[in-house]
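**Q** Build me a structure from this.
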Amino acid sequence: MGEFTMPSLGADMDEGTLVEWLVEPGAPIRRGDPVAVVETAKSTIEVECFESGTMGRPLVEPGTTVPVGTPLALIETAAGTRGKAGRARKPRKEPQGPPAPERTRPAEPAEPVRTLEPVASEAPGHGHVEAGPLIRHLAEEGGVDLAALRGSGPGGRVTRTDIERAAAAAPTARTPTARAPRARVTPLARRRAAELGVDLSSVAGTGKDAAIRAEDVSRAASGHAGAPSPPPRTTAAVRASRPSEDQAPAMRRAIARLMSRANRDVPHYYLSTTVDMAVPMDWLHDRNRRSPMSERLLPAALLLKAAALAAHEVPELNGFWTDDRFTAGEGVHLGVAVSLRGGGLIAPVLRGADTLEVPALMSALKDLVSRARTGRLRGSEVSGATLTVTNLGDQGVETVFGVVHPPQVALVGFGRVVDRPWAVDGLLGVRPVVTVTLSADHRATDGAVGARYLTAVDRLLQNPEKL
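**A** As a prediction, the model looks like this:
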């Protein structure tokens, strides 16, 4: 039995609020699956599980704020129940035995989750029908009426065998064309649908495996005729769909704490250089003319790729200062500063940015920015950055000197590409240029290392076809 705990999603995170469970008790989960939505001071994040098994009993209700490390739910791990799962393959000889679990999931929780009232045809002594979430799911998929069953398990509990027998005894209950498999729906989405009167069968899910989430229900409700009123703004679920508006004060406090500590504890040094962008911009325009609209690139894609490759060449700036020493990062994972619509910012992570082709990096950047602004990032996407990049060119800023985000040791800034007088081979002309800056931790490196990094960025941008 393992524990799913409130994760640390950044150096400045001390606590978080559980907004929504994305899986129900008894559901199988795999390592890396998102299982809950957590709200931090900066954003609302989908948090993944780091164990495979079965979702067990929740320990914290949605809307509760708890410190980092607090157990949120129990996880019945696959390793701990492998023997039981193996027995599911053997023939069942005793109909009165305990329920046999699915092959790929551990046994369901021992305590019943819900009690159903019996129908009048039940035999004396069966005062209620007990069934866990797995059994309810199998009954629904098999078209079996649980209330009409007499459970053969301990205490009258309905077992999987009972469901299979009932489904086999009534083969006409379902036909192959009866209905499509039921979409997964999160618990909060079910409650929201009930509040707004939304038919879940008409809602398209945007979660993992097309699961219907609370924001999908809200979006569907907003498009209904009659314009039903939105869900109450006081719920944690609303904060999940509009994180930047409701979290702005908390976010500003979190940013203030972190930046104050960074300015106090990190001895910064600053460097800048101006890069001639004529060659990369000509290459970009030529490529975009030959590409469909959906595949066209922005200058930011080239700048980010150059920043990532330069970090690979100059690893002294790609890592962390911890325990009074520098530790190089395993891979180049760029934190990209994203301004949120309601104020504040967050820096989701482009993992392995130096290994991505420019079109793939552009696609990943668009996706990351979009989900950052709608509160749909995952836990793995808000931690682990080895170097942060900020680009304020789209805001008209020509030069930006940022603050290092500890425990990182450097931050790269890009300004707006502007036309300036520029001499090339002794001839003066007008060229597009961009100012590139570096803010770095003087404990980890000196100016000579920073200069090497900026020189690498310039050289890489002059060969855009090799990025």
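
**Q** use CA for all of it now, contacts and neighbours both
**A** OK.

**Q** can you list the weak-confidence ranges in the stretch 101-250 of the chain?
**A** 101-138, 140-141, 152-155, 157, 160, 170-184, 187, 191, 208-209, 223-248 (pLDDT under 70).

**Q** how's this protein carved up into domains?
**A** Using automatic domain parsing, the domains assigned to the chain come out as 2-77, 81-173, 187-241, 248-466.

**Q** Would you mark the buried spots in stretch 30-42?
**A** By 16 or more other CA atoms under 10 Å, the buried positions in stretch 30-42 come out as 30, 33, 34, 35, 36, 37, 38, 39, 40, 41, 42.

**Q** so how far is that stretch from its chain's centroid?
**A** The chain centroid and the centroid of stretch 30-42 are separated by 6 Å, computed with CA atoms, centre = their mean, to the nearest Å.

**Q** Point out the most buried one among the domains of the chain.
**A** domain 2-77 (a mean of 20; mean count of other CA atoms under 10 Å).

**Q** ok so, going back, mind checking which of the buried residues of stretch 30-42 land in strands?
**A** Among these, the members falling in strands (DSSP state E) are 34, 35, 36, 37, 38, 39.

**Q** Tell me which stretches of the chain form helices.
**A** 82-86, 133-142, 160-169, 187-196, 214-222, 236-241, 243-246, 248-265, 278-289, 299-313, 358-373, 447-461 (DSSP state H).

**Q** for the fourth one, packing partners?
**A** The helices and strands touching helix 187-196, judged by 3 or more CA pairs under 8 Å, 6 or more residues apart in numbering; DSSP states H and E, are strand 15-21, helix 214-222.

**Q** one more time with 6 Å, if that's ok
**A** The helices and strands touching helix 187-196, judged by 3 or more CA pairs under 6 Å, 6 or more residues apart in numbering; DSSP states H and E, number zero.

**Q** Please name the spatially closest residue to the residue positioned nearest the centre of the chain (chain neighbours excluded).
**A** Nearest to the geometric centre of the chain sits residue 378, at 1.5 Å (CA atoms, centre = their mean). Ranked by CA to CA, 6 or more residues apart in numbering and with sequence neighbours excluded, the top spatial neighbour of residue 378 is residue 46, at 4.2 Å.

**Q** quick revisit: and the domains of the chain, which one's lowest on average pLDDT?
**A** Of all the domains of the chain, domain 81-173 carries the lowest average pLDDT, namely a mean of 51.

**Q** Show me what stretch 364-376 is in contact with.
**A** Contact with stretch 364-376 is made by 44, 45, 243, 340, 377, as judged by CA atoms under 6 Å, 6 or more residues apart in numbering.

**Q** Please name the bridge partners of the residue nearest to residue 378.
**A** Beta-bridge partners for residue 46, by DSSP bridges, are residue 37, residue 378.

**Q** Residue 37 is in contact with that one, correct?
**A** Yes. Counting by CA atoms under 6 Å, residue 46 does reach residue 37; the two are 4.5 Å apart.

**Q** Would you enumerate the residues in contact with residue 52?
**A** With CA under 6 Å, 6+ apart, residue 52 has these contacts: 29, 30, 31, 77, 78.

**Q** err, residue 399, not the other one
**A** With CA under 6 Å, 6+ apart, residue 399 has these contacts: 415, 435.

**Q** Name the single longest strand found in this protein.
**A** strand 427-441.

**Q** Which neighbouring elements make contact with that strand?
**A** strand 268-276, strand 410-414, strand 418-424.

**Q** Which of these sits closest to residue 461?
**A** Checking the helices and strands packed on strand 427-441 against residue 461 by CA to CA gives strand 268-276 as the closest, at 8.3 Å.

**Q** what does the closest one rub up against?
**A** Contact with strand 268-276 is made by 433, 434, 435, 436, 437, 438, 439, 440, 441, 442, 458, as judged by CA under 6 Å, 6+ apart.

**Q** Could I have the CA atoms of that strand written out in CSV?
**A** The C-alpha trace of strand 268-276 is given here as CSV (Å, rounded to 0.1, in the frame of the first residue of the first chain):
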residue,chain,number,x,y,z
HIS,A,268,23.9,38.3,-9.7
TYR,A,269,26.0,39.4,-12.6
TYR,A,270,24.5,40.6,-15.9
LEU,A,271,25.7,40.5,-19.5
SER,A,272,24.1,41.4,-22.8
THR,A,273,24.9,41.3,-26.5
THR,A,274,23.1,42.3,-29.7
VAL,A,275,22.6,39.6,-32.4
ASP,A,276,22.2,40.3,-36.1
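
**Q** Direction included, what does it pair against?
**A** strand 427-441 (antiparallel).

**Q** Tell me what angle the strand it pairs with forms with helix 248-265.
**A** If you take axes from the mean of the first three to the mean of the last three CA atoms, to 10 degrees, strand 427-441 sits at 90 degrees to helix 248-265.

**Q** who's in contact with strand 427-441?
**A** 266-278, 399, 409-415, 417-422.

**Q** mind checking how far that strand is from the chain centre?
**A** Between the centre of strand 427-441 and the centre of its chain there are 35 Å (CA atoms, centre = their mean).

**Q** same thing with stretch 344-358?
**A** Here stretch 344-358 is found 14 Å from its chain centre; the criterion is CA atoms, centre = their mean.

**Q** try stretch 304-316
**A** Relative to the chain's own centre, stretch 304-316 is displaced by 25 Å; criterion: CA atoms, centre = their mean.

**Q** what does stretch 456-467 give?
**A** Distance of stretch 456-467 from its chain centroid, counting by CA atoms, centre = their mean, is 32 Å.
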